[in-house]
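In: Starting from these lines, generate the structure:
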Amino acid sequence: MMRCVDPQDEETFRVVARNAKSYDKLTDLIVQGEKNIFEPDQSLGTIDIKGKGKENSSDSVYQDQTNNSQKKIQNSNQILQTDTLIAKNFLEQSSTQLTYFGLTSLMENLQPNSISILFRNNHFQTLFKLENRELLQLVTDLGFLEEPTVCWESLLNVEGDSYFLDSDFREYNKQNFNNSNGGSNNLMNSSNFGINEQLNNLNLNGNLIQSNNDFNFQNQYPPTTTAQSDQE
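Out: Below you'll find the model as predicted:
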């Protein structure tokens with residue numbers, strides 16, 4: 001999964017990569033932060049550092065300690081609320097389970113003409129990198145079952161804008177494919193012809209193998225002639 005955080009985005013990197021470190025902990029942070037926003041701590045004014053249970057103490061030292069403690073809690077709450085907003089923003093911007101930093105990392109680190117596997121949106125995707133650094137993902141959606149010419153889908157950005165290609169990496173255009181050499185029908189016919197040709201070759205090879213086996217069997221066990229039977 002390439003839901004990676006850009007280290008140059010220091011605040012997001014601090015919250016996601018350093019503090020949370022996982023999706024589950026990030027969602028826990030959001031839940032805790034939202035609870036803090038809607039249910040603020042009502043005991044901030046009654047904190048008793050000395051354990052005296054006094055809300056209005058005349059002791060100046062005690063009051064200073066109480067005020068300092070309240071400020072620390074308020075600061076912690078503010079940090080928690082800020083981190084919550086950062087975490088929510090990150091999850092919203094990477095809702096496709098891919099970030100631009102992750103996409104750039106794929107483009108830079110994968111070798112040209114190489115195949116790799118990317119786990120995204122709860123299933124595995126087959127990726128292919130072209131010579132021009134462009135990434136393609138293998139089309140496996142059942143919605144394209146009736147489009148035999150569609151083979152690859154470009155992986156250009158995290159928003160999902162893309163175009164389709166055939167098995168020869170030509171950009172797919174349904175009208176052009178239908179008008180060019182009979183379109184997909186010719187492709188299907190040629191595919192059927194190739195399959196039939198392979199089947200014919202298999203049958204021919206099968207007949208040759210059977211003939212060869214018969215020849216070897218006859219040489220190993222020649223038939224008994226009438227003369228030989230009479231002599232016996």
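In: low-scoring pLDDT stretches of the chain, where are they?
Out: Residues of the chain meeting the criterion pLDDT under 70: 1, 38-70, 174-232.
In: Domain ranges for it, per the record?
Out: 10-95, 103-172, 182-210 (automatic domain parsing).
In: Pretty sure L118 sits in a strand.
Out: Yes: assessed with DSSP: H, G, I helix; E, B strand; the rest coil, L118 lies in a strand.
In: which residues sit in contact with it?
Out: L118 makes contacts with 1-2, 106, 124-125, 127, 137, as judged by Cβ atoms under 8 Å, 6 or more residues apart in numbering. Glycine gets a C-beta too; all of them are placed from N, C-alpha and C.
In: so it bridges to which residues?
Out: Q125 (DSSP bridges).
In: measure it to A87 for me?
Out: Using Cβ to Cβ, to the nearest Å, L118 is found at 24 Å from A87.
In: Using CSV, list the CA coordinates for stretch 17-35.
Out: Extracted in CSV, the C-alpha atoms of stretch 17-35 (Å, rounded to 0.1, in the frame of the first residue of the first chain):
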residue,chain,number,x,y,z
ALA,A,17,4.3,8.6,10.6
ARG,A,18,5.8,9.3,14.0
ASN,A,19,2.9,9.3,16.4
ALA,A,20,0.2,7.1,15.0
LYS,A,21,2.4,4.8,12.7
SER,A,22,-0.7,2.8,11.7
TYR,A,23,-4.2,3.2,10.3
ASP,A,24,-5.8,1.8,13.5
LYS,A,25,-3.9,4.2,15.8
LEU,A,26,-4.7,7.1,13.5
THR,A,27,-8.4,6.4,13.7
ASP,A,28,-8.1,6.0,17.5
LEU,A,29,-6.5,9.4,17.6
ILE,A,30,-9.4,10.9,15.6
VAL,A,31,-12.0,9.3,17.9
GLN,A,32,-10.2,10.6,21.0
GLY,A,33,-9.8,14.0,19.5
GLU,A,34,-13.5,14.3,18.5
LYS,A,35,-14.6,13.2,21.9
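In: Now do the same for T12: helix, strand or coil?
Out: helix.
In: count of neighbours near it?
Out: As a burial measure, T12 scores 19 neighbours (other Cβ atoms under 10 Å).
In: Would you mind confirming that it makes contact with V5?
Out: Yes: using Cβ atoms under 8 Å, T12 is in contact with V5, at 5.6 Å.
In: how many other residues sit next to the spatially closest residue to Y23 that is not a sequence neighbour?
Out: In this structure, Y23 finds its nearest non-sequential neighbour in R3, 7.9 Å apart by Cβ to Cβ, 6 or more residues apart in numbering. Using other Cβ under 10 Å, R3 has 18 neighbouring residues.
In: Now for R3: which residues touch it?
Out: Neighbour list for R3: 23, 94, 97-99, 102 [criterion: Cβ under 8 Å, 6+ apart].
In: Next: G143.
Out: Residues near G143 by Cβ under 8 Å, 6+ apart: none.
In: which of the contacts of R3 tops the neighbour count?
Out: Going by other Cβ under 10 Å, L98 tops these with 22 neighbours.
In: any idea how far the nearest residue to it once chain neighbours are set aside lies from E146?
Out: Spatial nearest neighbour of L98, excluding adjacent residues (Cβ to Cβ, 6+ apart): V158 at 4.7 Å. Distance, V158 to E146, by Cβ to Cβ: 29 Å.
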